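In: Sequence plus the predicted model coming up.
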Amino acid sequence: MVAMRVRVLFGCLAIMASLVGTSGAEKFWKAGVARSNITPTNALWMGGYAGRNHPADGKATDLWLKALALEDAAGRRAVIITADLLAIRGPLYSNCLPRLKARFGLEGQQVLLTASHTHCGPLVPNWGRSLSALDASDRSATEHYAEGLEDQVVETAGRALAELKPVRLAAGQGSTGFGANRRNDAEADRPRLVREGALVGPVEHSVPVLAVYGLDGKLTAVLFGYACHNTTLTRDFYQYCSDYAGFAQAELEKSHPGAMALFFVGCAGDQDPVVRGGLGLAERYGNMLAAAVEETLLAPPVPLAPTLKTAMETIPLNLGAVPGEADLLPLTTNQTAYIRRWATGLLADIKAGRAIERSYPYPVQVWQLGQQRLITLGGEPVVDYALKFKREFGPQTWVAGYANEVMCYIPSLRVLNEDKPPVASKSWGYEGSQAMLVLGLPARRWADDVEDAITASVERLAKKAAAP
């Protein structure tokens, strides 16, 4: 252990030496932070669980929008914006980008907009018919909230940029183990499997940590992530709440007065808390995650050279075949409401001769923060993507999901194949097939080249971001 600490110390000293120019003056990052309270003041419908039957009836915690602005030694800028929401939906991202460019000169590749995926936040509109189940009053209230949210994103980013000050950045990676693979370990069986040490299926338990220190050595911000759904609280919980991610941020901010904690969710499409329950359990998981971050801060994390490169593509992600009228007609009377809405709407489009989308514009980003690579993927990618890119680019690579826009689950080819009917397991079928109906895309599944297309994009962007 002593030898390892000595190696870490010498490595940090070498990196710090690289931050000093030929004039002997140290080169610095700059960072600024800002936050806005986005807790609704009225009773809105909540996002995340299809089975809910009434709007929120109170709050357990506040919901926050937070921004971390970064600038490297050459003046290149980027902004990370996190939100206690279910997802960043298409209108929110696409409406904010031109405003961020007009006011602050930020291109899309310089903006990372991500949600914690709490299932106890307000419903945010998606493209198409996402609000069709609401009555006129509820729909108007939801749309009004979404419009205000756009203003808050732009305003909060601006305040963070206005606060840019010289800092040092450092990166580390911890671990915590409360995430489980929900496809391989059924929820009802997980308590027993935990006791028996018999959980199976791919998981990603790493906790990436980006630490921001003032020149006085005090922690001013910490960005961290974890690959697990924020679904500790179940569908019968009707209060606004940030779930485990919010409790983790609150605990870190309590331990480091004056610092801001920000969270991003990793490739959690098929990852759930190992056991689900109430507020006490969500707080417990939050404390476990905060402890993993604290241990990483003590390690210590490795200083990052003040160089920033950002790269981004929006690729056409191909959809599978359009269902025929004979397939859709029986589903228009299905007992499940979202299936009826999906089939009825798609059937109406087909009969009216309207063009049916055959691909979806999918956002992929790669940021290079000194030596640290961050890959961001839209949608809800399953854990296979994080494990794949860690194998390809190294175990210290960070992979964030739910980035910039969430349009649907993003299965790997393995999951896509497992979810082809007839499925071999009762836990299969959702991420690779059924979710398309829930979220209103005009197909039952993505095309088989989904993983190849995303992989090729990441590889192109990684090469671009790593170039001198």
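Out: Noted; the coordinates are in hand.
In: Count the residues that sit near Gly277.
Out: Neighbour count for Gly277, taken as other Cβ atoms under 10 Å: 14. (Each C-beta comes from the backbone N, C-alpha and C, glycine too.)
In: Likewise for Gly75?
Out: What Gly75 shows, counting by other Cβ under 10 Å, is a neighbour count of 8.
In: wait, is it part of a strand?
Out: No. Read with DSSP: H, G, I helix; E, B strand; the rest coil, Gly75 is coil and lies in no strand.
In: tell me the contacts of it?
Out: Contact analysis of Gly75 by Cβ atoms under 8 Å, 6 or more residues apart in numbering lists nothing.
In: Over to Asn42?
Out: Going by Cβ under 8 Å, 6+ apart, Asn42 touches Ala141.
In: And what about it, helix, strand or coil?
Out: coil.
In: do you know how far the residue nearest the centre of the chain is from Asp84?
Out: Computing the C-alpha centroid of the chain and ranking residues by Cα atoms, centre = their mean puts Tyr402 first, at 3.3 Å. Remark: distance between Tyr402 and Asp84 (Cβ to Cβ, to the nearest Å) = 12 Å.
In: So for the two, which residues contact both of them?
Out: With Cβ under 8 Å, 6+ apart, Tyr402 and Asp84 have common neighbours Ala115.
In: still on that earlier bit, what's near enough to touch the closest residue to the residue nearest to the centre of the chain other than its chain neighbours?
Out: Nearest residue to Tyr402 in three dimensions, chain neighbours excluded: Val265, at 5.1 Å (Cβ to Cβ, 6 or more residues apart in numbering). Each residue near Val265 by Cβ under 8 Å, 6+ apart is listed here: 114-117, 225-230, 245, 400-402.
In: Next: Arg235.
Out: Shown in contact with Arg235 (Cβ under 8 Å, 6+ apart): Tyr49, Gly51, Arg52, His119.
In: Likewise for Leu329?
Out: Contact analysis of Leu329 by Cβ under 8 Å, 6+ apart lists Ala343, Leu347.
In: Please apply the same query to Asp138.
Out: Leu44, Trp45, Pro55.
In: Let me know the secondary structure of it.
Out: Classification of Asp138 by three-state DSSP places it in helix.
In: and the gap between it and Leu44?
Out: To Leu44, Asp138 is 8 Å away according to Cβ to Cβ.
In: Could you tell me which residues touch both of the two?
Out: Common contacts of Asp138 and Leu44 (Cβ under 8 Å, 6+ apart): Pro55.
In: correct me, but Leu439 touches Asn126?
Out: Yes. If you go by Cβ atoms under 8 Å, Leu439 and Asn126 touch, sitting 6.9 Å apart.
In: so what's in contact with these two at the same time?
Out: In contact with both Leu439 and Asn126: Met407, using Cβ under 8 Å, 6+ apart.
In: Can you show me the helices along the stretch 301-450 of the chain?
Out: Secondary structure of the stretch 301-450 of the chain, counting by DSSP state H, counting those that start in this stretch: helices at 325-328, 337-351, 384-393, 413-418, 435-438, 450-466.
In: looking at the ones you listed, which is buried most?
Out: helix 435-438 (a mean of 20; mean count of other Cβ atoms under 10 Å).
In: That one - what's its average pLDDT?
Out: Averaged across helix 435-438, the pLDDT comes to 90.
In: got it, and stretch 458-468?
Out: pLDDT averaged over stretch 458-468 gives 94.
In: Extract the C-alpha set from it and format it as CSV.
Out: The C-alpha trace of stretch 458-468 is given here as CSV (Å, rounded to 0.1, in the frame of the first residue of the first chain):
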residue,chain,number,x,y,z
VAL,A,458,-17.2,7.0,-30.5
GLU,A,459,-14.0,5.8,-32.2
ARG,A,460,-14.1,8.7,-34.7
LEU,A,461,-14.7,11.2,-32.0
ALA,A,462,-12.1,9.8,-29.6
LYS,A,463,-9.5,10.0,-32.3
LYS,A,464,-10.5,13.6,-33.1
ALA,A,465,-10.5,14.6,-29.4
ALA,A,466,-7.1,13.1,-28.8
ALA,A,467,-5.5,14.9,-31.8
PRO,A,468,-3.0,17.7,-31.0
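In: from here on, count from 424
Out: Got it, the first residue is 424 from now on, which makes the last one we talked about stretch 881-891.
In: Can you name the residues in contact with that stretch?
Out: The contact list for stretch 881-891 (Cβ under 8 Å, 6+ apart) reads 732-736, 787-791, 796, 798, 800, 812, 815-816.
In: so which of the contacts of Asp561 is the most crowded?
Out: Going by other Cβ under 10 Å, Leu467 tops the contacts of Asp561 with 21 neighbours.
In: can you tell me which residues contact that residue?
Out: Contacts of Leu467 by Cβ under 8 Å, 6+ apart are Pro478, Ala479, Pro545, Leu546, Asp561, Ala564, Thr565, Tyr568.
In: Pull up the per-residue confidence for it.
Out: 95.
In: Quick check: closest non-adjacent residue to it.
Out: Setting aside the residues directly before and after it, Leu467 is nearest to Pro545 in space (Cβ to Cβ, 6+ apart), at 4.3 Å.
In: how many other residues sit next to the closest residue in space to Asp695 that isn't next to it in sequence?
Out: Spatial nearest neighbour of Asp695, excluding adjacent residues (Cβ to Cβ, 6+ apart): Arg605 at 4.2 Å. As a burial measure, Arg605 scores 23 neighbours (other Cβ under 10 Å).
In: How much space separates Arg605 from Ala722?
Out: As judged by Cβ to Cβ, Arg605 and Ala722 stand 31 Å apart.
In: Can you pull the poorly scored residue ranges out of this structure?
Out: Counting by pLDDT under 70, the chain has low-confidence residues at 424-447, 550-555.
In: now with 50?
Out: 424-441, 443-445 (pLDDT under 50).
In: mind listing what Arg763 touches?
Out: Contacts of Arg763 by Cβ under 8 Å, 6+ apart are Leu754, Thr755, Thr756, Asn757.
In: Just among these, which is most surrounded?
Out: The most crowded member of the contacts of Arg763, judged by other Cβ under 10 Å, is Leu754 (18 neighbours).
In: if I pick it, what's in contact with it?
Out: Residues in contact with Leu754 (Cβ under 8 Å, 6+ apart) are Ile762, Arg763, Trp765, Ala766.
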